[in-house]
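J.: predicted coordinates and the sequence they were generated for:
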Amino acid sequence: MGRHSLPDGCPAEGHRATPPSLHRRSVAIATVLVLAAAAGTAVATEDGLLSLSDSCEDSAVRLTVVASPDIAPAVRTVAARAREESARSDGRCLHVTVVARDSYKVANALATGSGDPGYQVWLPDSDLWLDRAKGTGTGIPVAPGDSVATSPVTVGMVPSAAQALGWPEKTYSWAELAASATGSDEVRLGVADPVRSATGLLALSSIAASPGGSGGDHGTEVAATAKALAQRMSDSDRQVLETLALDFSGVEGGNPEHNQAVLVSEQAAFTHNASSPSAGRIELFYPADGTPLLNYPYALVNSAELTSDESRAALRFMRLLDDDKAHAVLEKNGFRTTDGTTEAALVESAGGRTPQPFATPAAVPPSADVLQEALGMWTITVRSARLTTVVDASGSMAVTVPGRDRSRMEVTKASLIQALGQFTPDDEIGLWVFAATLDGDKDYRQVVPTRRLGEPAKGGGTHRERLSAAFSALEPVPNGATGLYDTTLASYKEAQSSYVKGKFNALVLLTDGSNQDDHGISRSALIARLKEVADPERPVPIIAIAVGPDADRAEVTEMAAVTGGGAYKISDPSEIQAVILQAVMTAGQSGRRDRE
């Protein structure tokens, strides 16, 4: 699968450049395999074909590979060939069992599991799942290796919708395609849940990073696009393809339950078109600002517990997946090479055609932080959020942030205003401030009630505008102490009493210090009261963010944990936006797993 001619004479120079991330071999897997090979006592040729016995069954080394369902059939074919040809690892026959399993399920299980997972190799569809599998670092370790194939993420449409948007001649950026498909009911766009689908998440992050929308506020546009996509979300890539309208029928095409477009990988489109009648085929748009790649990394699972035979067998099978015969199998199943190149026939079969930019360099892979932010935004969007924001206004918030000519409060305000742009008009947000004896004997005051951002405000404008103005007006209270405990209990009780079913309800608590009010409730009493009022039927997790070098994360960890939330510490208030989105995604995912 080297470089080949492209459809309609597209020059070879336009082929995708190899993304840097696809060149890497993790030091972890390389070290494990090299040491395992050195520890072995059997003598083998370079390709492992030295036979010490004519019979394989008794001495075969057995390997189980858990693979993403889309690539599992191809991997299974390579494994079957290895067995038929008596491929060997250190003289022992190699028997590989391939199990198809959704990558998100494996990632979640590894992140929270322990002991023997029952398989030695994992082949997810994207290395983003490797980051997800790390979790908090307390689960089953994974050592990543090379990519074995790639497939670009695209936008597939039924022919009538594609032609209405000028396919194949007209090209679009990700933002323009999303705006065209979500701006009206003319082109209904479906997506697989980005929490469960690498295709969906990579597409969502590409839309978020893309210029060329309608010209309004970009953060609000992205949130609105995500909101529209959430209304047409499927659980998996396979299911989202099943939502496509039957293009040959005007009746079917007009059914509002059916989509005319889907966010889909080229390989999934290839498989769909191969099994569909000509009228049921889809055609592909390749966004002009670059398509991210599914990159199918080969990873060892719990490598420290593998035997030397298993480790060497894993290396042997990885080599088999990289030989010419395996390349042919992968191409036959709709996959590109690891550098993103492919043959003309594959692109045409998948629904691509010149001048769609299917051979332009792949988009730079989004960082783990970018993906985390996209997931946080998605979690908010899918469920809509109801957040009561509680901001420390004690005197220490006037301290200058190291390396900046701005106070903690000034940077906090800017970050909160920036975060506000990630929320949709249906989200509800309110604001409290606190400092000891801020309001008479009380340490707290409600500044703006928690209401829909799109709701009209008294005196004109919207609740979003009123809240933004309130954020801008925040000022530290001179010599004000941190009245943390009384404020936490009062704001939590209010947030829970006004709980809205069907939304993600949470209390976002920002503080740069420890409790300094000796006349209020104690910490132990606060924890006891939170345990009493916390209601699993009306969950309101506390997302506690300790800001600055003086903040004590331990101070807020227990109160957050007892409500099902989490505590975070940041050195710079400018990180608040990213932390809020990360915390909301984490808490939202936890709630979803509990419901499942």
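T.: Yep, it's here.
J.: C-alpha from now on. contacts and neighbour counts both.
T.: Noted.
J.: where do the strands of the stretch 351-500 of the chain begin and end?
T.: Per DSSP state E, counting those that start in this stretch, the stretch 351-500 of the chain carries strands over the ranges 385-392, 428-439, 442-452.
J.: these: which one's closest to residue 540?
T.: Closest to residue 540 of the strands of the stretch 351-500 of the chain, according to C-alpha to C-alpha: strand 385-392, at 9.2 Å.
J.: just checking, what packs against that closest one?
T.: Using 3 or more C-alpha pairs under 8 Å, 6 or more residues apart in numbering; DSSP states H and E, the elements in contact with strand 385-392 are strand 428-439, strand 442-452, helix 484-497, strand 504-511.
J.: got a list of contacts for the second one?
T.: Under the criterion C-alpha atoms under 8 Å, 6 or more residues apart in numbering, residues 386-388, 425-439, 463-464, 467, 470, 483-484, 486-487 lie in contact with strand 442-452.
J.: can you check stretch 181-200 too?
T.: 103-104, 125-126, 128-129, 153, 161, 180, 201-202, 204, 225, 228-230, 232-237, 239-240, 243, 258-265, 294, 375, 378.
J.: what's the answer for stretch 489-508, then?
T.: Against stretch 489-508 from outside (C-alpha under 8 Å, 6+ apart): 380, 383-390, 432, 526, 529-530, 533, 538-545, 580, 588.
J.: okay, and which of the residues you listed map to helices?
T.: Mapping these onto helices (DSSP state H) picks out 380, 383, 526, 529-530, 533, 580, 588.
J.: which SSE is immediately downstream of the helix or strand bottoming out on mean pLDDT in the chain?
T.: Within the chain, no helix or strand scores below helix 250-253, which has a mean of 40 by mean pLDDT, DSSP states H and E. Reading on from helix 250-253 to the C-terminus, the next helix or strand found by DSSP states H and E is strand 261-265.
J.: quick one on the thing from earlier: drop anything exposed from the contacts of strand 442-452.
T.: 386-388, 425-438, 463-464, 467, 470, 483-484, 486-487 (16 or more other C-alpha atoms under 10 Å).
J.: tally of neighbours for residue 161?
T.: Neighbourhood size, residue 161 [other C-alpha atoms under 10 Å]: 22.
J.: got any ranges where the stretch 51-200 of the chain has weak pLDDT?
T.: Residue ranges of the stretch 51-200 of the chain with pLDDT under 70: 51-55, 57, 136, 182-186.
J.: at which residues are the helices of it located?
T.: 72-84, 103-112, 128-134, 159-164, 174-182, 198-209 (DSSP state H, counting those that start in this stretch).
J.: to residue 354, which of those helices lies closest?
T.: helix 159-164 (13.9 Å).
J.: hang on, the earlier thing: the helices and strands packed on strand 385-392: which one's closest to residue 331?
T.: Nearest to residue 331, of the helices and strands packed on strand 385-392 and by C-alpha to C-alpha, is strand 504-511 at 43.4 Å.
J.: between that closest one and strand 428-439, how big is the angle?
T.: Taking axes from the mean of the first three to the mean of the last three C-alpha atoms, to 10 degrees, one finds strand 504-511 and strand 428-439 inclined to each other by 40 degrees.
J.: just the pLDDT at residue 545, thanks.
T.: At residue 545, the pLDDT value in this model is 89.
J.: my bad, residue 596
T.: Predicted confidence (pLDDT) for residue 596: 41.
J.: grab the nearest non-local neighbour of residue 505.
T.: residue 386 (4.6 Å; C-alpha to C-alpha, 6 or more residues apart in numbering).
J.: distance of that neighbour from residue 325?
T.: Separation of residue 386 from residue 325 (C-alpha to C-alpha, to the nearest Å): 54 Å.
J.: neighbours around residue 118, how many?
T.: Residue 118 has 11 nearby residues by other C-alpha under 10 Å.
J.: how about the nearest residue to it, chain neighbours excluded?
T.: residue 64 (7.7 Å).
J.: does that neighbour have beta-bridge partners, and which?
T.: residue 97 (DSSP bridges).
J.: my guess is it meets residue 79, correct?
T.: No. With contact defined as C-alpha atoms under 8 Å, residue 64 and residue 79 do not form a contacting pair (10.3 Å).
J.: for residue 138, which of the helices and strands packed on strand 385-392 is the nearest?
T.: strand 504-511 (26.0 Å).
J.: partner strands of the closest one and their direction?
T.: By DSSP bridges, strand 504-511 pairs with strand 385-392 (parallel), strand 542-547 (parallel).
J.: list the buried residues for the helix or strand just after the last one?
T.: Think strand 542-547. Downstream of strand 542-547, the first helix or strand assigned by DSSP H and E is helix 553-561. Using 16+ other C-alpha under 10 Å as the test for burial, helix 553-561 gives 553, 555-561.
J.: got the angle for helix 553-561 vs strand 504-511?
T.: Using the same axes, to 10 degrees: helix 553-561 against strand 504-511 is 160 degrees.
J.: what sits up against helix 553-561?
T.: 514, 526-527, 530, 541-546, 566-569.
J.: quick revisit: please name whichever of the strands paired with strand 504-511 is nearest to residue 478.
T.: Closest among the strands paired with strand 504-511, using C-alpha to C-alpha: strand 385-392, at 12.4 Å.
J.: does residue 89 have beta-bridge partners, and which?
T.: residue 92.
J.: picking up where we left off before, tabulate the strands paired with strand 504-511 (JSON lines), appending distance to residue 363.
T.: Formatted as JSON lines, the strands paired with strand 504-511 follow (distance: least, C-alpha to C-alpha, whole Å):
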{"stretch": "strand 385-392", "distance to residue 363": "31"}
{"stretch": "strand 542-547", "distance to residue 363": "33"}
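J.: quick check: which of the ones you listed is buried the most?
T.: Compared across these, strand 542-547 shows the largest average neighbour count, a mean of 28 (mean count of other C-alpha atoms under 10 Å).
J.: CA atoms only: put that strand into CSV for me.
T.: In CSV, the C-alpha atoms belonging to strand 542-547 read as follows (Å, rounded to 0.1, in the frame of the first residue of the first chain):
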residue,chain,number,x,y,z
ILE,A,542,-19.8,20.2,44.2
ILE,A,543,-17.0,21.1,41.7
ALA,A,544,-14.5,22.8,44.0
ILE,A,545,-11.6,24.7,42.5
ALA,A,546,-8.7,25.7,44.7
VAL,A,547,-7.0,28.7,43.1
